[in-house]
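> Got a sequence here, can you build the structure:
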Amino acid sequence: MAVYRLNVFLLCVLFIHCYHVLLAQATKPNIIIMLMDDMGWGDLGVYGNPAKETPNLDKMAAEGALLPDFYAPNPLCSPSRASLLSGRLPIRNGFYTTNDHARCSYTPQNIVGGIPDSEILIPEELHKSGYRSKIVGKWHLGHRPQYLPLNHGFDEYFGAPNCHFGPYNDKNTPNIPVYRDTEMIGRYYEDFEINRKTGESNLTQIFIQEAISFIEKQSQVGVPFFLYWAPDSTHGPHYASKPFLGTSQRGLYGDAVRELDHGVGQILDTLRNLHIDSNTFVFFSSDNGAALSEGATAGLNGPFLCGKHTTFEGGMREPTIAWWPTKIKPGTVVHQLGSLMDLFATSLDIAGRDLPTDRIYDSTSLLPVLINNKEDKNKTIFYYRGNEIMAVRRGFYKAHFWTWSEGIPSLKREYCPGWQIEGVTTPNLTSHTSQPVVFHLGLDPGEKFKLNPESNEYKQGLQFIMDAVNKHRKTMIPGQPQLNMCDTAVMNWAPPGCEKLGKCLKVPPSNPVKCTWPV
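Numbering: from 1, shown residues only. Modelled structure (predicted):
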């Protein structure tokens, strides 16, 4: 009888396992995009960080693919995120400003604009193929109700529309709201604590659990899902939960990185335990380079020049890993140029959908190179700041048409601390359009040694780039700029749901003005 019961038990276990495997095979692949905030190329052990404090991400890379030549679409958070989800450069989707030439801009609390309804985002397309989508963490595509995630394709939302700056006094400036779907459920520093003295906060743990709960629920009902996981603890002010505080040799920033690494491990383990790992594409990257203006308390950009806000390599080359067991060969290294915008076409490709044909996309699927090693050697990276092409990379060659490397002295911001390269790290916006500065990034990834304009290599490399630039300019139709106008009346005084919590604040009179972008 005991043997019979054991056999029945083993058959049940085998049946349940086979059921999960067959269910996973029958549904469309799941998609998880993990987007970090201000994390640098050199912050991961697998990318050479000497602290070696990211075992889960290092393992993820060993089991999947490393993409060392992968870029953000912009050196600042909001435009980069808008481009990821829309598959289009900021100048096409409207996430730029024309208030000044070649200025970075983003979505602070007083911004009037946001992601236009005319832009098609990843979850909107995936919804047509039966996917359920959730964003966890930082949105940053506009905080007014019409711009929030559930009005742009997402089914679920837990997180905040802005950065976790603060605390504020709710009189001159309101604290940032945290949302559950369409309504706020509290505010940072009031209901969701971030201790500015110690750096302690449980936010990352909450973001991890929100992701795991969503995955478990969708797995149980057998619905393909898209999870956009965007925690923000590596953006200043940095934070980590108590078990991780003081555990990194890199200080509070390192504590935050270690906790995020732990979260990645938990999410991947959840996929394995649910037997859906082989049916889930997971992609890890960052929205821009590390913020070197924060000094030694920020991230690292490896061998690359400068950081966040700049269009040098340190500002836009990102620590990137792709993972899809049974599809991506373990230990793969992809040197094809790529951009966060490519996740739009890649996600649609995974879902079996074609790109919409009513607009120009700056996105191509990564599946051919990730799965079949079919490299696109003509891939081009355009480095924009605002409405200007600052630089372009094609192959190993990168040409700078404009350079700018310094912050505003009165704000004590340095975006290239410790670097002084004549004619390259220019403190003011400087034009090189008559004779672009060209580097060979294979030989000189740190952009320190300019090619001689009289050399054949310079002339051939520049012509190779200009062929792509001329084609790009012929098709460029700028979108309506969304980051020009600011108004204190549109700040987070009275977000949806504030009435239920008794947290509505008095809205000041409207006074729209042109936004000032000092960086």
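> tell me the SS of the closest residue in space to Asp277 that isn't next to it in sequence?
Residue nearest to Asp277 in three dimensions, not counting chain neighbours: Leu271, with 4.2 Å by CB to CB, 6 or more residues apart in numbering. No exception for glycine: its C-beta is placed from N, CA and C like everyone else's. At Leu271, secondary structure determined by DSSP: H, G, I helix; E, B strand; the rest coil is helix.
> Pretty sure Leu271 sits against Phe281.
No - with contacts counted by CB atoms under 8 Å, Leu271 stays clear of Phe281, the gap being 10.5 Å.
> How far off centre is stretch 257-266?
16 Å (CA atoms, centre = their mean, to the nearest Å).
> Tell me, how many residues neighbour Glu200?
Here the count is done by other CB atoms under 10 Å, and Glu200 has 17 residues near it.
> so how far is Ser434 from it?
53 Å (CB to CB, to the nearest Å).
> which stretches of the stretch 1-150 of the chain form helices?
2-26, 55-63, 77-86, 90-93, 122-127 (DSSP state H, counting those that start in this stretch).
> show me what contacts Leu66?
For Leu66, the contact set (CB atoms under 8 Å, 6 or more residues apart in numbering) comprises 46-47, 320-321, 332-334.
> and those, which of them are in helices?
Residues of the contacts of Leu66 located in helices (DSSP state H): none.
> List just the nearest of these to Lys506.
For the contacts of Leu66, the closest approach to Lys506 (CB to CB) belongs to Thr320, at 44.6 Å.
> Phe284 is in contact with that closest one, correct?
Yes - the criterion here is CB under 8 Å, and Thr320 meets it with Phe284 at 6.7 Å.
> Which stretches in the stretch 51-200 of the chain count as strands?
65-66, 70-71, 132-138, 156-160, 177-180, 183-187 (DSSP state E, counting those that start in this stretch).
> any weak-confidence spans in the protein?
The chain contains residues with pLDDT under 70 at 1-26, 407-412, 519.
> mind running it again at 50?
Where the chain drops to pLDDT under 50, the residues are 6, 13-14, 16-25.
> Now for Asn151, how many residues are close by?
When neighbours are counted by other CB under 10 Å, Asn151 registers 15.
> For it, which non-adjacent residue is closest in space?
In space, Asn151 is closest to Pro145, 7.4 Å off (CB to CB, 6+ apart).
> tell me the contacts of the one you found?
Counting by CB under 8 Å, 6+ apart, Pro145 has contacts 151, 495-496.
> What distance do you get for it to Leu85?
Using CB to CB, Pro145 is found at 18 Å from Leu85.
> again with Cys486
23 Å.
> Those two - which one has more neighbours?
Set Cys486 next to Leu85 and count neighbours by other CB under 10 Å: Leu85 wins out with 30 against 21.
> Could you find the closest non-adjacent residue to Thr198?
Excluding its sequence neighbours, the residue lying closest to Thr198 (CB to CB, 6+ apart) is Leu245, at 6.9 Å.
> ugh, wrong one, I meant Lys329
Ala65 (7.7 Å).
> can you pull up the bridge partners for that neighbour?
Beta bridges link Ala65 to Ala322, Thr332 when assigned by DSSP bridges.
> Just give me the neighbour total for it.
The number of residues packed around Ala65, counting by other CB under 10 Å, is 23.
> can you check Tyr189 too?
Tyr189: 19 surrounding residues under other CB under 10 Å.
> what about Leu271 and Phe281, which has more around it?
Shown here are Leu271 and Phe281; by other CB under 10 Å, Phe281 has more neighbours (25 against 22).
> close enough to count as contact, that one and Met34?
No - look at Phe281 against Met34 with CB under 8 Å: they stay out of range, at 11.4 Å.
> got a list of what Phe304 touches?
Phe304 touches 41-42, 289, 312-314, 317, 445-447, counting by CB under 8 Å, 6+ apart.
> 10 Å - rerun?
Phe304 sits next to 40-42, 289-290, 312-317, 441, 445-447 when contact means CB atoms under 10 Å, 6 or more residues apart in numbering.
> Quick check: the gap between the residue nearest to Asn151 and Gly113.
13 Å.
> before we move on, the earlier item: how near is the residue nearest to Lys329 to Ile321?
Ala65 is 7 Å from Ile321, by CB to CB.
> intersection of neighbour lists for these two?
283, 328.
> looking at the contacts of Phe304, which has the most residues close by?
Going by other CB under 10 Å, Gly289 tops the contacts of Phe304 with 36 neighbours.
> In contact with it, which residues are there?
Gly289 neighbours (CB under 10 Å, 6+ apart): 38-42, 71-72, 75-76, 298-302, 304-310, 312-319, 415.
> again, only this time at 7 Å
Contact analysis of Gly289 by CB atoms under 7 Å, 6 or more residues apart in numbering lists 40-41, 75, 301, 307-308, 314-317.
> Make sure I have this right: it is in a strand.
No - Gly289 is assigned coil when assessed by three-state DSSP, not a strand.
> Against Trp404, how distant is it?
Separation of Gly289 from Trp404 (CB to CB) stands at 15 Å.
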